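Chemist: For reference, the sequence and a predicted model appear below.
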Amino acid sequence: MADDERYDVIIIGTGAGGGTLAHRLAPTGKRVLILERGGYLPRERDNWDSTAVFVKGKYRAPEFWYDRHGNRFPPEVNYYVGGNTKFYGAALFRLRPEDFGELRHHDGISPAWPIRYEDLEPYYTEAEHLYLVHGRHGEDPTGGPAGAQYAYPPVEHEARIQQLSDDLAKAGLHPFHLPIGVNLTQDENGRATHDSVCIRCDRVDGFPCLMGAKSDAQVICVDPALRYDNVTMVTDSDVRRLETDPTGRTVTRVVAELKNGATEEFSADIVVVAAGAVNSAVLLLRSANDKHPGGLANSSDVVGRHYMRHNNLALMAVSKEPNPTRFQKTLALNDWYLGADDWEYPLGGIQMLGKSDADQIHGEAPRWAGTVLPDMPFEVLAHHAVDFWLCGEDLPLPESRVTLDKDDDIHLALDEKNNIAGLNRLQHKLRGMLGSLGMHEHHLLDHSIYLHKGMPIGATAHQAGTVRFGDDPESSALDVNCKAHDLDNLYVVDTSFFPSIGAVNPSLTAIANALRVGDHIAARLS
């Protein structure tokens, strides 16, 4: 690619933010260049192999970051076209309306956003339709108003999960169909039709989809965008720094290292960073210059700070009856999202995980020694497993931050006990219901293999918050349109912009915001 070639927009990253933005801008006719650090994920049998994906971490980036004590850890990041959405569970929730306002938690305040739920609601609807989300608005009493129903009906529960839903409802709770992005057509019995792309397999959560049936950013947005002649993508392009003009107000060059070791420079009228909350902050910090000694967009000293990743628990219950479910990720429960009768602070939400199999059970075996039923072999245990994901909000602390050392290594400081009281109570709520839900009451097992972690800090899948947006340049890096306060042509559209994270998966909010910012950029270019 010629060094002197100029674009209207350069987008760095192809995940939920960058990929969606490329899709939004493609029809404008403006010249868009996408720079992706990785290549296309290879389609191979290991895509669906539990040992390869979960136990060995075959597709994780072969890199290490450092915690605040200087200990190395492998982060849960994937560098492929589509970003981390290639491996996400496609659970596409809206934040609650209350999440956009100030929320008091046990350990502190979750700050208000500079926009309201109503500002993002039309884009939530567009995002749900674009990403083929199956669900039913109105089932979740904590959900905000929706301008339109989901375009696709809920993914039907299989028998054991339907029984779980019925038992939760009998207990006076409000289980609902989990909103999930899959290219699925169901028959009258909920089975995949012969022409459905999705086959309702047991590989939906944490695995890349061999069928291209999961609504990841590559399938839904990047590949369709590339069909436009005005959109170009360079893969295996690791952006190392952004350079500015002498005034420091305009990004003039994007400098990247290509797979062959060559260094390439690209330029555009507008530059958009969407490399993930950690790597976007790293890129801005690494791009420090005389006009921006603390890093680009960092006159407020917030870049890299306020890192969030949710307080998560992956738990496996043991059903008294077999659980032959294959597509298990169909149910969620938010009754204690904002509080409970015995607790005035938010607890969080519960949702189903993908179904455990014997390989995953064996992967956990050393950690579970002596804690499972002695007369139940691991293969039998897998047939009785019912898997839950508990998600609570962590708070955006300034000392939870991303930094670079003199050797260009990434350091991630995190308070792992930040606001965990609500999550602990949520776990207690679930544990207390096991008997009435047809589960063995004393076997709720920590199923952390789903978190890809040797230590809690390694669970970076829901990373957010390091380049927050806001009205005040003294306390935020970006304005309400996600443009840097300090620069005229620099935007950030991944989950970095979040001032708080709520207690639901952040992907849909990143997608909806990319559509919103895409409209702003398109109007600016026109």
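Modeler: Cool, the structure landed.

Chemist: Could you use CA atoms for every contact and neighbour count after this?
Modeler: OK.

Chemist: Residue 400 is in contact with residue 413, correct?
Modeler: Yes - between residue 413 and residue 400 there is a contact at 5.1 Å, judged by CA atoms under 8 Å.

Chemist: Using the three-state scheme, assign the residue nearest to residue 266 when sequence neighbours are not counted.
Modeler: Of all residues not flanking residue 266 in the chain, residue 254 sits nearest, at 5.0 Å (CA to CA, 6 or more residues apart in numbering). At residue 254, secondary structure determined by DSSP: H, G, I helix; E, B strand; the rest coil is strand.

Chemist: Lowest-scoring secondary structure element of this structure by mean pLDDT?
Modeler: One helix or strand of the chain scores below all others by mean pLDDT, DSSP states H and E: helix 358-368, with a mean of 74.

Chemist: Quickly list what the residue nearest to residue 266 is bridged to.
Modeler: residue 242, residue 266 (DSSP bridges).

Chemist: does the residue of the chain positioned farthest from its centre sit in a helix, a strand or a coil?
Modeler: Centroid-distance maximum for the chain: residue 375 at 38.3 Å, with CA atoms, centre = their mean. Here residue 375 is recorded as coil under three-state DSSP.

Chemist: Residue 413 and residue 400: who's more crowded?
Modeler: Ranked by neighbour count (other CA atoms under 10 Å), residue 413 and residue 400 place residue 400 first, with 22 against 18.

Chemist: Please report how far the residue lying closest to the more buried one once chain neighbours are set aside lies from residue 109.
Modeler: Leaving aside its chain neighbours, residue 400 sits nearest to residue 414 (4.6 Å; criterion: CA to CA, 6+ apart). Per CA to CA, to the nearest Å, residue 414 is found 17 Å from residue 109.

Chemist: And for residue 342?
Modeler: Counting by CA to CA, the gap from residue 342 to residue 109 is 20 Å.

Chemist: how about the nearest residue to residue 316, chain neighbours excluded?
Modeler: In this structure, residue 316 finds its nearest non-sequential neighbour in residue 387, 4.5 Å apart by CA to CA, 6+ apart.

Chemist: residues near that neighbour, how many?
Modeler: Using other CA under 10 Å, the number of residues around residue 387 comes to 21.

Chemist: Kindly export the helix or strand hosting it (C-alpha atoms) in PDB.
Modeler: Following DSSP states H and E, the helix or strand that holds residue 387 is strand 385-392. Coordinates of each C-alpha in strand 385-392 appear next as PDB, following Å, rounded to 0.1, in the frame of the first residue of the first chain:
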ATOM      1  CA  ALA A 385     -24.200 -30.100  34.800                       C
ATOM      2  CA  VAL A 386     -26.200 -26.900  34.700                       C
ATOM      3  CA  ASP A 387     -24.000 -23.800  34.100                       C
ATOM      4  CA  PHE A 388     -24.600 -20.300  35.400                       C
ATOM      5  CA  TRP A 389     -22.900 -17.000  34.800                       C
ATOM      6  CA  LEU A 390     -23.200 -14.400  37.600                       C
ATOM      7  CA  CYS A 391     -22.300 -10.800  36.700                       C
ATOM      8  CA  GLY A 392     -22.000  -7.900  39.100                       C
END
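
Chemist: what sits up against that strand?
Modeler: Residues outside strand 385-392 that contact it (CA atoms under 8 Å, 6 or more residues apart in numbering): 310-319, 322-323, 347-356, 420, 422-423, 426-427, 502-504.

Chemist: Stretch 401-409 now?
Modeler: With contacts defined as CA under 8 Å, 6+ apart, stretch 401-409 is touched by 65-66, 278, 281-282, 285-286, 304-307, 410-414, 466.

Chemist: In strands only, show me those residues.
Modeler: Mapping those onto strands (DSSP state E) picks out 65, 66, 410, 411, 412, 413.

Chemist: May I see these arranged in CSV, with pLDDT and distance to residue 517 as well?
Modeler: Shown next, in CSV, are those (pLDDT from 0 to 100; distance: CA to CA, whole Å):
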residue, pLDDT, distance to residue 517
65, 96, 31
66, 96, 33
410, 97, 28
411, 97, 30
412, 97, 28
413, 96, 30
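
Chemist: export these to TSV and tack on distance to residue 26?
Modeler: Converted to TSV, these look like this (distance: CA to CA, whole Å):
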residue	distance to residue 26
65	35
66	38
410	33
411	36
412	35
413	38
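
Chemist: Out of the residues you listed, flag the one nearest to residue 231.
Modeler: Within the ones in strands among the contacts of stretch 401-409, the smallest distance to residue 231 is 31.6 Å, found for residue 410 (CA to CA).

Chemist: Run through the bridge partners of the closest one.
Modeler: Beta-bridge partners, per DSSP bridges, of residue 410: residue 404.

Chemist: ok, it to residue 64 distance?
Modeler: The spacing between residue 410 and residue 64, counted by CA to CA, is 8 Å.

Chemist: Tell me which of the two has more neighbours.
Modeler: Using other CA under 10 Å, the more surrounded residue of residue 410 and residue 64 is residue 410, with 19 against 16.

Chemist: Low-confidence regions, the stretch 401-526 of the chain specifically.
Modeler: 449-456 (pLDDT under 70).

Chemist: now swap in the chain and tell me
Modeler: 1-4, 365-374, 449-456.
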